[in-house]
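[1] Pasting the sequence and the predicted coordinates here, then a few questions.
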Amino acid sequence: MVMRVKKNINGLSGCIEIPADKSISHRAIMFSAIAHGKSVIKNFSSGEDPKSTLKLFKELGVDIKYTDEKTVEVNSSGKLNSTSQPLYCGNSGTTMRLVSGILAGQNFNTILTGDESLSKRPMKRIITPLTQMGANIESDNFHAPLKIFGNKLHGIEYASQIASAQVKSSVILATLNADGKTKYTEPYLSRNHTELMLKYMGADIQTSENTVIINPSEIEGKEFRVCGDISSAAYFIAAGLIVPNSDIILKNVGLNPTRTGIIKVIENMGGNIEILSKNNISGEIVGDIRIKSSNLKGTTVSGELIPQLIDEIPIIAVLATQADGQTIIKDAQDLRNKESDRISSTARELKKLGADISETEDGFIINGKTKLSGDVEVETYNDHRLAMSLYVAGLVCEKEIAINGFEWANISFPEFLELFSKLNR
Ligand code: S3P
């Protein structure tokens, strides 16, 4: 689908509710599927990725049903059934990596497959620790399809080289059904939804700074209300800052401190962003955010901040093109392993729009503020985050742009266009 985007000359205004968090939606299905008893997941995401997880656990014999458009009920004995069919994870790295941790310790074999993009993404990062735990996983040179031969696993001590919530969660999930505890350390703290949710479900899990200690545990079904996704909110936050004459309110945004790096960056850039309220919903901090058009200045984004905003880097790059001075983003080499190589895809497409952006091995150097010219076709590389970042860039381009493959936005955010249209004056 080609999406044409025109400059927004009137500004954005109004108040919208941000749809459900993708990471939490995935986890709510997975954890309910291996828990004992009934779970109710309210405000489940309508993105394609969480739906891939839901479908996969149905194929593993779990009783999962929608009771209304956004509510999912899961009834489980805690046991999964074997299936001879390959399990398809679609575009979702979270599904493949976390589910591998669950399946490695079962008493049956499974095959996990994915789409073209997922089949190119690195799986060594989970195969290495899971193998140390006793898992038997065959892969295509550390890429999907993954053939998982169920085995009895044991706990390990593992110091990960990368700050990845997907790797951490995979090992934690494998330990639930293993012999002995696991101590897992990561270089910087990545998102901690797995730790919070499993604790809420009764798992024996302790955390301290960048270390998690988990003991094998049985977990119980619970009720979850999924908060709004700050990674989805990020596109509206960015648009509100760079489209002149804007003043918007975003409601129900998850503000877990392991995810709010984007807010820190915007504060460093001098952006007008205000947290209006904070509540605790199902163990997560949730709030409303007000954003007004701002004169931004360049900043440096690096180190422990990177895992707190890993999915927001393409949209931060768009913001940097509209900020005075230089923005440097570094220590983000893992961006090359996302749904696309986001360092080269973001740099290439923003350059087409007229941005002064250069790619480095682990990030970007962006000089601003540049007038984006537009009047070009840009590509999404089948990457939802690039599609939505380019849309926001299009709102400040002098001339219309055409985004090829915009339908990829549905991977995480099918409501994106409808919500933008609500903010038009
Ligand atoms: C996710 C973790 C992140 C993120 C992805 C979702 C998760 O990946 O990029 O979109 O739900 O755990 P890494 O932790 O591998 O960086």
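    Good, I have the coordinates. Numbers count the residues shown, from 1 in each chain.

[2] wait, is Ala402 part of a strand?
    Yes - assessed with DSSP: H, G, I helix; E, B strand; the rest coil, Ala402 lies in a strand.

[3] which residues touch it?
    By C-beta atoms under 8 Å, 6 or more residues apart in numbering, the contact set of Ala402 is 2-4, 376-378. Glycine gets a C-beta too; all of them are placed from N, C-alpha and C.

[4] Save these as a markdown table, and put in secondary structure too.
    What follows is the contacts of Ala402, written out as a markdown table (three-state DSSP):
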| residue | secondary structure |
| --- | --- |
| Val2 | strand |
| Met3 | strand |
| Arg4 | strand |
| Val376 | coil |
| Glu377 | strand |
| Val378 | strand |
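
[5] Give me every residue in the stretch 1-150 of the chain lying close to the ligand.
    Within reach of the ligand by C-beta under 6 Å from any ligand atom, the stretch 1-150 of the chain has these residues: 23, 94.

[6] Smallest distance to the ligand belongs to which residue of the stretch 1-150 of the chain?
    Ser23 (3.2 Å; C-beta to the nearest ligand atom).

[7] now what about stretch 342-362, what contacts it?
    Stretch 342-362 has contacts (C-beta under 8 Å, 6+ apart) with 313-314, 317-318, 320-321, 330-333, 335-336, 363-368, 370-374, 376, 378-379, 381, 383, 385-386, 389-390, 393, 397, 401.

[8] Check stretch 277-285 too.
    Contacts for stretch 277-285 (C-beta under 8 Å, 6+ apart): 24, 193, 196-197, 199-200, 223-227, 254-257, 286-288.

[9] what's the answer for stretch 251-258, then?
    15-18, 21, 24, 165, 189-193, 196, 227-230, 233, 263, 275, 278, 284-289, 307-308.

[10] Take those and keep only those in helices.
    Using DSSP state H, the subset of the contacts of stretch 251-258 located in helices is 24, 165, 193, 196, 230, 233, 263.

[11] just to revisit the earlier point, who touches the closest residue to the residue of the stretch 1-150 of the chain closest to the ligand other than its chain neighbours in this structure?
    For Ser23, ignoring the flanking residues on the chain, the nearest one in space by C-beta to C-beta, 6 or more residues apart in numbering is His193 at 5.4 Å. With C-beta under 8 Å, 6+ apart as the criterion, the residues that contact His193 are 21, 23-24, 27, 165, 256, 284.

[12] that older thread, now the contacts of stretch 277-285: which count as buried?
    Neighbour counting with 16 or more other C-beta atoms under 10 Å marks 24, 193, 196-197, 199-200, 224-227, 254-256, 286-288 as buried within the contacts of stretch 277-285.

[13] Of the contacts of stretch 342-362, grab the buried ones for ChimeraX.
    A single ChimeraX command selects the buried members of the contacts of stretch 342-362 (16+ other C-beta under 10 Å):
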select :313,314,317,318,320,321,330,331,332,335,336,363,364,365,366,367,368,370,372,374,378,379,381,383,385,386,389,390,393,397,401
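
[14] Next step: the contacts of stretch 342-362 restricted to strands.
    Using DSSP state E, the members of the contacts of stretch 342-362 that fall in strands are 363-368, 378-379, 401.

[15] picking up where we left off before, which one among the buried ones among the contacts of stretch 277-285 gets closest to the ligand?
    Nearest to the ligand among the buried ones among the contacts of stretch 277-285, with distances taken as C-beta to the nearest ligand atom, is His193, at 7.0 Å.

[16] a strand runs through Pro216, doesn't it?
    No - assessed with three-state DSSP, Pro216 is coil; it does not lie in a strand.

[17] ok now do the closest residue to it other than its chain neighbours, which residues does it touch?
    Leaving out its chain neighbours, the residue that sits closest to Pro216 by C-beta to C-beta, 6+ apart is Ala178, at 5.5 Å. Residues counted as contacts of Ala178 (C-beta under 8 Å, 6+ apart) are 105, 133-134, 152-155, 216.

[18] Go ahead and confirm Lys330 touches Thr299.
    No - with contact defined as C-beta atoms under 8 Å, Lys330 does not count as touching Thr299 (11.8 Å).

[19] For the residue lying closest to Ser373 once chain neighbours are set aside, what is the enclosing helix or strand?
    Spatial nearest neighbour of Ser373, excluding adjacent residues (C-beta to C-beta, 6+ apart): Gly354 at 4.1 Å. Using DSSP states H and E, Gly354 is not contained in any helix or strand.

[20] Now the phi/psi pair for Gly354, please.
    phi 110, psi 10 (degrees, to the nearest 10).

[21] what about it, neighbour count?
    Residues lying near Gly354 (other C-beta atoms under 10 Å) number 18.

[22] so what pLDDT did it get?
    With respect to pLDDT, Gly354 has a value of 98.

[23] got it, and Ser282?
    pLDDT for Ser282: 88.

[24] May I have the phi/psi pair for it?
    Torsion angles, degrees, to the nearest 10, at Ser282: phi 50, psi 40.

[25] Same question for Asp324.
    Dihedral angles (degrees, to the nearest 10) for Asp324: phi -70, psi 130.

[26] Let me know whether it touches Gly270 as I believe.
    No - applying C-beta under 8 Å as the test, Asp324 and Gly270 come out as separate, 9.2 Å apart.

[27] Which neighbours do the two have in common?
    Residues touching both Asp324 and Gly270 (C-beta under 8 Å, 6+ apart) are 295-297.

[28] residues in contact with Val212?
    Listed by C-beta under 8 Å, 6+ apart, the contact set of Val212 reads 168, 172, 182-185, 195, 205-206.

[29] before we move on, the earlier item: so the residue nearest to Ser23 versus Gly254, what's the distance?
    9 Å (C-beta to C-beta, to the nearest Å).

[30] returning to that earlier point: which one of the shared contacts of Asp324 and Gly270 is nearest to the ligand?
    Leu296 (24.3 Å).

[31] how about the residue lying closest to that closest one once chain neighbours are set aside, what does it touch?
    Leaving aside its chain neighbours, Leu296 sits nearest to Ala323 (3.7 Å; criterion: C-beta to C-beta, 6+ apart). Going by C-beta under 8 Å, 6+ apart, Ala323 touches 269, 296-299, 368-369.
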